[in-house]
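Q: How does the following fold in three dimensions:
(chains A, B, C and D)
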2 protein chains.
Amino acid sequence: MERSGDGQAGSGSGNAVGFRPLYRQVYDTLLKRLADAVWQPGQILPSEGQLAAELGVSQGTVRKALDALTADSLLVRRQGRGTFVADHDDKQSVFRFFKLRPDGDGTGMPTSRVLAIAEATASADERGRLDLVRTARVVRIERVRSIDGRLCVSETISVPASLFPGIAGLELPNTLYSLYAIRYGITIATANERLKAVALAEREAGLLAVAQGTPALEIDRVAVDLEERPVEWRLSTCLTQDVHYRSVLR
Amino acid sequence: MERSGDGQAGSGSGNAVGFRPLYRQVYDTLLKRLADAVWQPGQILPSEGQLAAELGVSQGTVRKALDALTADSLLVRRQGRGTFVADHDDKQSVFRFFKLRPDGDGTGMPTSRVLAIAEATASADERGRLDLVRTARVVRIERVRSIDGRLCVSETISVPASLFPGIAGLELPNTLYSLYAIRYGITIATANERLKAVALAEREAGLLAVAQGTPALEIDRVAVDLEERPVEWRLSTCLTQDVHYRSVLR
DNA sequence: AAGTGGTCTAGACCACGCA
DNA sequence: GCGTGGTCTAGACCACTTT
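A: Alright, predicted model coming up:
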């Protein structure tokens, strides 16, 4: 791996351009491979020593890059076994992007029922959230979700049709993000949510079988992939009678 | 610094008890000093080399502990200058525990007006949240807050009277957590929030000058200090007409 | 120029999981 | 017993800030 900002009888003392550490370059190299789905979710990576030899850096430098990717929830490291591509299907990972928890006991495991799925030209809102041009097409998914069997979420999900060809014809799993990862090689890295309290409109009230005007939590989420592209917009309306949104501030 | 789990002609190969890395012990040692307010917010710590010599470990081990404390937002490191105790007074830190942001432009800087402050015997809710015995006393603070001059939050804050002697007689600053840190040596490490959508009760509606029944965001927060003691319970009711709660999922 | 944190390396040893 | 990640060390050099 080439150094970027040193040696070479340069122009005096400091670099005018930004200094880019070696481990950062290793990070980017590995991130690229993850984005390109070179390694599949759940699969094991080469050992630290092998990667170090391949990339021509020390094991410590590879370690630092791997640790950073682990901190970003893209890898999972298990002492004595190896380093794996994070599998966002397993139980603990389901809740990474799902913050609604039951007030009392219960697993809080969500289930879903799709009401409609169709392709359309992007609305102004969709173009704004997903950074699309005027003629762009999106696939819109409408569904309701239950937590521990209790109906409490109604949501509309919009994704660019160009990124998810054929998704409208698929049987959708309960956890969409694993579908994005496995079938389309798109890994959700972060999601930005804006929460508001609203009074339920007639339509959502009907879907959730409660009175119109009932207070509900509105969650406006834009999910972003490894390359920082916005790839999904999700507008959820949640009843919070028996459920709450959990947030941990550090 | 003593090793905890090695050497000493032990009982074979592995330790039955948990293995505790050296850097973790260094972390705990430094954390203790921070909790005891040995170093004040904003103050500089000894250099890595000095700490390493004092504790009898290598510089790399000290570094790992300092990096962990930095990741926990307890320290700030500045290349070429030194390592400092995080000062949660500066502008960027105000928003660490304040997630309400204006929908449009504006700084979103909050202001406060205290309505009442008084000591009382802890209610059942307060005892549960703050882990108190039946006879414990608390100080209750009621206040309203504005964002960019717009009235939108009403909240009740409860703290154990034993931890904050004399707080009822003080002029309260806008950012309570810096008061906790500077005057009482209590640093808030994390806060757990539960959000719900509710219809405004008559009292809160009056305080916020809107109609009873208006949907509002209810935030139930328990703040925890460095020793993981719950030290503050805060129940906030927020209008979200021009403001939203921001959450970033990683 | 001196001092600080940041990067990078090389090597030793430890804890863990598995065959 | 072997291979993996995890810890710890020692030392060199780099980048940044201040004197």
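Q: hey, which helix or strand in chain A has the poorest pLDDT?
A: Across the helices and strands of chain A, mean pLDDT, DSSP states H and E gives its lowest value to helix A:91-94, namely a mean of 81.
Q: neighbouring contacts of the helix or strand following it?
A: Downstream of helix A:91-94, the next assigned helix or strand under DSSP states H and E is strand A:100-102. Contact with strand A:100-102 is made by A:108, A:110, A:147, A:148, A:152, A:153, A:238, A:242, A:243, A:244, A:245, A:246, as judged by Cβ atoms under 8 Å, 6 or more residues apart in numbering or on different chains. From N, CA and C alone the C-beta is placed, and that goes for glycine too.
Q: isn't the first one right next to residue A:147, touching?
A: Yes: contact criterion Cβ atoms under 8 Å: residue A:108 and residue A:147 qualify, at 5.7 Å.
Q: Now stretch A:158-167: buried residues?
A: Buried positions in stretch A:158-167, judged by neighbour count with 16 or more other Cβ atoms under 10 Å in any protein chain shown: A:158, A:159, A:160, A:161, A:163, A:164, A:167.
Q: actually stretch A:215-224, not the one I typed
A: Neighbour-count burial for stretch A:215-224 flags A:215, A:216, A:217, A:218, A:219, A:220, A:221, A:222, A:223 (criterion: 16+ other Cβ under 10 Å).
Q: measure the residue nearest in space to the middle of chain A to residue B:20 for me?
A: By Cα atoms, centre = their mean, chain A has its centre lying nearest to residue A:188, at 2.4 Å. According to Cβ to Cβ, to the nearest Å, residue A:188 stands 35 Å off from residue B:20.
Q: What strand or helix carries the residue nearest to residue A:239 when sequence neighbours are not counted?
A: For residue A:239, ignoring the flanking residues on the chain, the nearest one in space by Cβ to Cβ, 6 or more residues apart in numbering or on different chains is residue A:152 at 4.3 Å. According to DSSP H and E, residue A:152 maps onto strand A:150-160.
Q: contact partners of that strand?
A: A:100, A:110, A:122, A:126, A:129-130, A:132, A:136-147, A:167, A:176, A:204, A:207-209, A:231-243.
Q: List buried residues within the residues you listed.
A: When these are checked for burial by 16+ other Cβ under 10 Å, the buried set is A:100, A:110, A:122, A:126, A:129-130, A:132, A:138-141, A:143-145, A:147, A:167, A:176, A:204, A:207-208, A:231-234, A:236-241, A:243.
Q: all helices of chain A, in order?
A: For chain A, the helices defined by DSSP state H occupy A:22-35, A:48-55, A:59-71, A:91-94, A:124-130, A:176-184, A:202-208.
Q: Get me the contact residues on chain A for DNA strand C.
A: By Cβ under 7 Å from any atom of the strand, the residues of chain A that approach DNA strand C are A:21-24, A:57-61, A:64, A:78-81.
Q: ok, and which of these reach DNA strand D?
A: Among the residues of chain A next to DNA strand C, DNA strand D is touched by A:60, A:78, A:79, A:80, A:81 when using Cβ under 7 Å from any atom of the strand.
Q: What about those residues, which one has the most neighbours?
A: Neighbour tally across these (other Cβ atoms under 10 Å in any protein chain shown): the maximum, 11 neighbours, falls on residue A:60.
Q: quick one: that one and residue B:135, what's the gap?
A: Shown here: residue A:60 relative to residue B:135, a distance of 56 Å by Cβ to Cβ.
Q: Strands - which of the ones next to DNA strand D among the residues of chain A next to DNA strand C land there?
A: residue A:78 (DSSP state E).
Q: and of the ones next to DNA strand D among the residues of chain A next to DNA strand C, the nearest to residue B:94?
A: When these are ranked by distance to residue B:94 (Cβ to Cβ), residue A:60 comes first, at 37.3 Å.
Q: where does that closest one land on pLDDT?
A: pLDDT, residue A:60: 97.
Q: try residue A:244
A: For residue A:244, the pLDDT comes out at 98.
Q: Count the residues that sit near the closest residue in space to it that isn't next to it in sequence.
A: Closest residue to residue A:244 apart from its sequence neighbours, by Cβ to Cβ, 6+ apart: residue B:194 at 4.2 Å. Neighbourhood size, residue B:194 [other Cβ under 10 Å]: 17.
Q: I'd say residue B:194 and residue A:245 touch.
A: Yes: at 7.1 Å, residue B:194 counts as touching residue A:245 under the criterion of Cβ under 8 Å.
Q: Next one: residue A:51 from residue A:189, what distance?
A: Using Cβ to Cβ, residue A:51 is found at 21 Å from residue A:189.
Q: and what of residue A:148?
A: Residue A:148 sits 29 Å away from residue A:189, going by Cβ to Cβ.
Q: which residues pair with residue A:236 across the strands?
A: Residue A:236 forms beta bridges with residue A:155, residue A:219, as assigned by DSSP bridges.
Q: Tell me the pLDDT of it.
A: 98.
Q: Domain ranges for chain A, per the record?
A: Following automatic domain parsing, chain A resolves into domains at A:22-85, A:91-245.
Q: so which of those domains gets nearest residue B:73?
A: Evaluated with Cβ to Cβ, those place domain A:22-85 nearest to residue B:73, the distance being 14.6 Å.
Q: Which residues of chain A lie near chain B?
A: Contacts of chain A with chain B, taken as Cβ under 8 Å from any Cβ of the partner chain, map to A:72-73, A:96-97, A:99, A:189-199, A:215-217, A:220, A:238, A:240, A:244-250.
Q: Can you flag the buried ones in those?
A: Buried among the residues of chain A next to chain B (16+ other Cβ under 10 Å): A:72-73, A:97, A:99, A:189-191, A:193-199, A:215-217, A:220, A:238, A:240, A:244-247, A:249.
Q: which of the residues in stretch A:180-189 are buried?
A: For stretch A:180-189, by 16+ other Cβ under 10 Å, it's A:180, A:181, A:182, A:184, A:185, A:186, A:187, A:188, A:189.
Q: Please export the C-alpha coordinates of that stretch as CSV.
A: Output of stretch A:180-189 as CSV, limited to C-alpha atoms (Å, rounded to 0.1, in the frame of the first residue of the first chain):
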residue,chain,number,x,y,z
TYR,A,180,-31.0,-4.7,0.6
ALA,A,181,-27.7,-6.2,1.7
ILE,A,182,-28.0,-9.7,0.3
ARG,A,183,-29.9,-9.1,-2.9
TYR,A,184,-28.7,-5.6,-3.9
GLY,A,185,-25.3,-5.3,-2.2
ILE,A,186,-26.5,-2.2,-0.4
THR,A,187,-25.5,-1.9,3.3
ILE,A,188,-27.2,0.6,5.5
ALA,A,189,-24.5,2.4,7.5
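Q: about what we covered before: report the mean confidence score over the strand holding residue A:152.
A: Taken as a whole, strand A:150-160 carries a mean pLDDT of 97.
Q: and what of stretch A:192-203?
A: What stretch A:192-203 shows for mean pLDDT is 97.
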